[in-house]
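> fold the stuff below for me.
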Amino acid sequence: MFNELALQIEKHLARGSNFAIAQVVDRIAPSSGKVGDKALILETGELIGWIGGGCVRGIVIKEALDVIKSKRYRRVRISPEGGTRSTATYKEYVMSCQSKGTLEVMIEPVIPQPELIVVGKSNIARKLVQLASAADFKVSVMANDADVQMFPSANSIADAVDFTNFQNFMNTYIIVTTQGEDDELSVKKALQTVVKYVGFVASKKKAEDIKTYLTHEGITEDRIGQLRSPVGLDINAKLASEVAISILAEVIDHFRNGNVAYSMPVYEKENAMERPSPTAAEDKFAEDYYINPVCNVPVSKKNPKHIVEYQGENVYFCCDGCKVSFEKEPSKYVKTK
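Just a heads-up that it's a prediction; the model follows:
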């Protein structure tokens with residue numbers, strides 16, 4: 001199992017996917033999960049590995065998805081007595097299954113290395129690339145006549161603005177700092193990706209002019225509204241290095257606190273590049289999982305413990321206890337049509 005999980009982790013890291021690893025760290029028998037059991041949980045809600053069945057599985061999936069979203073560790077305790085303690089890093093649940101055991105599970109987010117794409121070769125661009133590399137970003141540069149002498153710390157350098165070779169935009173940020181060299185086309189191409197965070201280094205007047213151009217080019221109002229310009233935290237920056245610091249600080253703040261994976265909007269445009277949208281992950285989860293109305297945890301529709309038909313619809317349950325509770329008083333859990 002460990003080797004299989006290791007291979008899965010390696011595969012999803014290579015894809016640039018966000019996921020979580022859950023491990024049983026404490027146990028009071030009886031419980032099917034044992035200390036040391038591990039599982040990988042993907043953004044789709046798929047669980048690979050073993051941490052226990054029934055309610056435990058659903059609770060861990062639910063909490064893991066929130067861990068991926070918040071990028072914070074979380075310890076989850078599931079016991080017959082339950083509890084009311086709930087913080088950003090600790091949650092208590094009642095073991096609604098008929099098992100009398102207790103489990104504690106540590107859930108760790110695994111967020112692949114963020115990537116910064118810098119378009120342009122201005123002084124700000126050079127400082128930004130240098131700083132982002134030092135902050136452990138994967139950095140790509142796109143600019144005419146750019147070379148390794150200009151950007152010695154960049155991971156890749158292209159002499160044209162072309163995003164078609166990028167395989168994953170999940171944790172990607174684009175900063176356009178062309179400063180007069182093909183500003184309009186560069187910003188347009190950046191907005192035609194599904195990258196949520198696109199920043200343009202410009203004055204307010206220049207930014208407004210660009211937005212007018214983008215409107216004429218058919219970019220939607222919602223997408224134009226996502227363009228960050230002026231970009232960077234307001235620190236009264238004057239020097240190129242200070243502007244670069246303000247930009248990178250805002251990017252890091254967004255990466256750590258603004259969830260890319262779940263809040264990225266769907267951008268619809270005929271010539272937009274086809275990339276998987278994070279909202280697709282949410283749709284896939286809703287398609288494959290049902291929220292158990294008794295314990296409020298996800299249940300796989302493909303492998304539920306029980307299915308009960310109520311008011312012409314299927315209701316899925318993770319354990320005997322939830323099914324019994326529902327059948328005693330279904331109107332308590334589902335609104336009557």
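> so how far is stretch 28-38 from its chain's centroid?
29 Å (C-alpha atoms, centre = their mean, to the nearest Å).
> and what of stretch 245-254?
18 Å.
> buried stuff in that stretch?
By neighbour count with 16 or more other C-beta atoms under 10 Å, stretch 245-254 contains the buried residues Ile245, Ser246, Ile247, Leu248, Glu250, Val251, Ile252, His254. Bear in mind the C-beta positions are built from the backbone N, C-alpha and C, glycine included.
> nearest to Met95 among the residues you listed?
Proximity of the buried residues of stretch 245-254 to Met95 (C-beta to C-beta) peaks at His254, which lies at 37.8 Å.
> and the pLDDT at that closest one?
What the model reports as pLDDT for His254 is 90.
> where in this protein is pLDDT low?
The chain contains residues with pLDDT under 70 at 1-2, 96-99, 167-168, 258-284, 336-337.
> Ala202: which of the buried residues of stretch 245-254 is nearest?
When the buried residues of stretch 245-254 are compared against Ala202 (criterion: C-beta to C-beta), the nearest one is Ile247, at 12.1 Å.
> leaving out chain neighbours, which residue sits closest to the closest one?
Here the nearest residue to Ile247 in space, its sequence neighbours aside, is Gly232; by C-beta to C-beta, 6 or more residues apart in numbering that works out to 4.1 Å.
> surely the one you found is within a helix?
No. Applying DSSP: H, G, I helix; E, B strand; the rest coil, one finds Gly232 to be coil, outside a helix.
> tell me the contacts of it?
With contact taken as C-beta atoms under 8 Å, 6 or more residues apart in numbering, Gly232 is in contact with Gly199, Val201, Val243, Ser246, Ile247, Ala249, Glu250.
> farthest pair within these?
The widest separation within these (C-beta to C-beta) is 14.2 Å, between Val201 and Ala249.
> now intersect the buried residues of stretch 245-254 with the helices, please.
Counting by DSSP state H, the buried residues of stretch 245-254 place Ile245, Ser246, Ile247, Leu248, Glu250, Val251, Ile252, His254 in helices.
> dump those residues into a markdown table; add distance to Trp50 as well.
Below are those laid out as a markdown table (distance: C-beta to C-beta, whole Å):
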| residue | distance to Trp50 |
| --- | --- |
| Ile245 | 46 |
| Ser246 | 46 |
| Ile247 | 44 |
| Leu248 | 41 |
| Glu250 | 41 |
| Val251 | 38 |
| Ile252 | 36 |
| His254 | 35 |
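> separation between Leu233 and Glu329?
53 Å (C-beta to C-beta, to the nearest Å).
> neighbour count: those two, which is higher?
Counted by other C-beta atoms under 10 Å, Leu233 and Glu329 do not tie: Leu233 has more neighbours, with 14 against 8.
> so what's that one up against?
Leu233 neighbours (C-beta under 8 Å, 6+ apart): Ser246, Ala249, Glu250, Asp253.
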